[in-house]
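1. sequence and predicted structure, then a few things I'm wondering about:
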Amino acid sequence: MTFSIDQFRIDGKVAIVTGAGGRGNSIGRAYARGLANAGAAVIVADLNAEGAKLVADEIVAAGGKALAVGVDIADPASVARLARAAADSFGGIDILVNNAALMVEVAAARAADIALDDWNRMLGVNLTGALLCTQAVLPSMRARGGGRIVNQLSGGAFPAVSLYGVSKLALYGLTTTLARQLGREKIHVNAIAPGNTMSDAGRLLTPDDSPFTKLLEATVAMRVRGQPDELVGALLLLCSPAGDWITGQVLHVDGGWVLRP
Ligand SMILES: NC(=O)c1ccc[n+]([C@@H]2O[C@H](COP(=O)([O-])OP(=O)(O)OC[C@H]3O[C@@H](n4cnc5c(N)ncnc54)[C@H](O)[C@@H]3O)[C@@H](O)[C@H]2O)c1
């Protein structure tokens with residue numbers, strides 16, 4: 001079949017984006033709006049239910065389809081309610097974007113002295129949360145003949161030199177494992193590893209004059225920072241028929257940060 005730009009459309013599909021309702025200018029919000037613009041009905045899911053409603057309202061006001069759901073992805077009962085809400089409202093689930101994570105909250109954690117409760121909480125959200133959401137949507141994806149799962153990694157996992165990076169590197173392992181195990185069922189599992197992105201959380205973590213920002217300026221191939229909307233093209237490739245032969249991959253959207261010396 002000759003390629004058509006329409007292969008990036010996902011009209012009639014139903015997508016869940018976790019972590020899409022938190023701080024104002026977030027990556028999850030850009031993902032939710034991008035998927036809606038490409039034709040999907042979007043479940044905007046976040047621990048912050050009020051923030052999720054703002055983003056869902058924004059999508060609906062722009063003519064899209066969206067529903068806000070408050071969820072704690074580390075809680076299996078809460079995740080089961082999320083999957084049910086998606087099925088009840090839009091008939092099923094085709095796309096899951098595992099974007100919710102603890103990042104700002106765990107940036108300073110050090111391996112030598114992190115408390116066991118803090119370690120468990122970080123992995124409970126950043127790793128187990130993605131697994132729980134995946135398990136919850138699989139029955140619906142199977143019933144619909146396939147699906148797309150995209151896990152949000154980070155340039156900070158390549159290599160992992162922080163505990164946050166450890167959690168994202170583990171999520172990379174979950175990505176390739178699920179891709180291998182679910183491929184025959186036409187369920188694609190891929191990942192995006194953004195570089196330093198100017199969401200509100202990203203701005204908090206790396207102010208212009210921080211030592212980390214200076215290090216990036218000295219080492220990133222192309223450009224140090226990106227905007228949330230600059231990640232959306234990669235997401236649409238992985239969620240649409242344009243990406244029909246892609247699974248188990250990480251797209252590094254980072255201006256070449258991963259190539260730093
Ligand atoms: N901003 C960056 O520079 C950057 C770079 C690489 C990767 N990332 C990743 O991108 C994603 C989004 O980052 P962001 O910059 O938009 O930050 P953000 O803090 O705005 O987004 C994280 C979201 O996850 C939600 N969340 C946290 N715990 C949750 C839980 N238990 N259940 C449900 N939701 C929960 C938060 O409420 C928040 O809305 C994260 O996975 C982050 O690790 C960000």
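-> Good, I have the coordinates. Predicted model only: the values in this text are computed from it and were never measured.
2. give the buried residues for the lowest-mean-pLDDT helix or strand in the chain.
-> Ranking every helix and strand in the chain by mean pLDDT, DSSP states H and E puts helix 211-219 at the bottom, with a mean of 90. Buried residues in helix 211-219, counted by 16 or more other CB atoms under 10 Å: 213, 216. Where C-beta positions appear, they are placed from N, C-alpha and C, glycine not excepted.
3. what does stretch 245-257 give?
-> Applying 16+ other CB under 10 Å to stretch 245-257 flags 247-255, 257 as buried.
4. again with stretch 50-57
-> Quick answer for stretch 50-57 (16+ other CB under 10 Å): 51-53, 55-56.
5. pLDDT on it, on average?
-> Averaged across stretch 50-57, pLDDT comes to 97.
6. please apply the same query to stretch 227-243.
-> Mean predicted confidence for stretch 227-243 is 98.
7. can you give me the helices in the stretch 1-150 of the chain?
-> Using DSSP state H, counting those that start in this stretch, the helices of the stretch 1-150 of the chain run over residues 27-37, 49-61, 76-90, 116-123, 129-143.
8. pick the most deeply packed of these.
-> helix 27-37 (a mean of 26; mean count of other CB atoms under 10 Å).
9. what's that one in contact with?
-> With contacts defined as CB atoms under 8 Å, 6 or more residues apart in numbering, helix 27-37 is touched by 10, 15, 17-22, 42, 44, 46, 55-56, 58-59, 62, 64-66, 95, 97, 99-100, 152, 194, 197, 199, 227-229, 231-232, 235-236, 239.
10. show me which residues of the stretch 101-250 of the chain sit near the ligand.
-> Listed as neighbours of the ligand in the stretch 101-250 of the chain under the rule CB under 6 Å from any ligand atom: 101-104, 125, 129, 152, 154, 194, 196-197, 199, 201-202.
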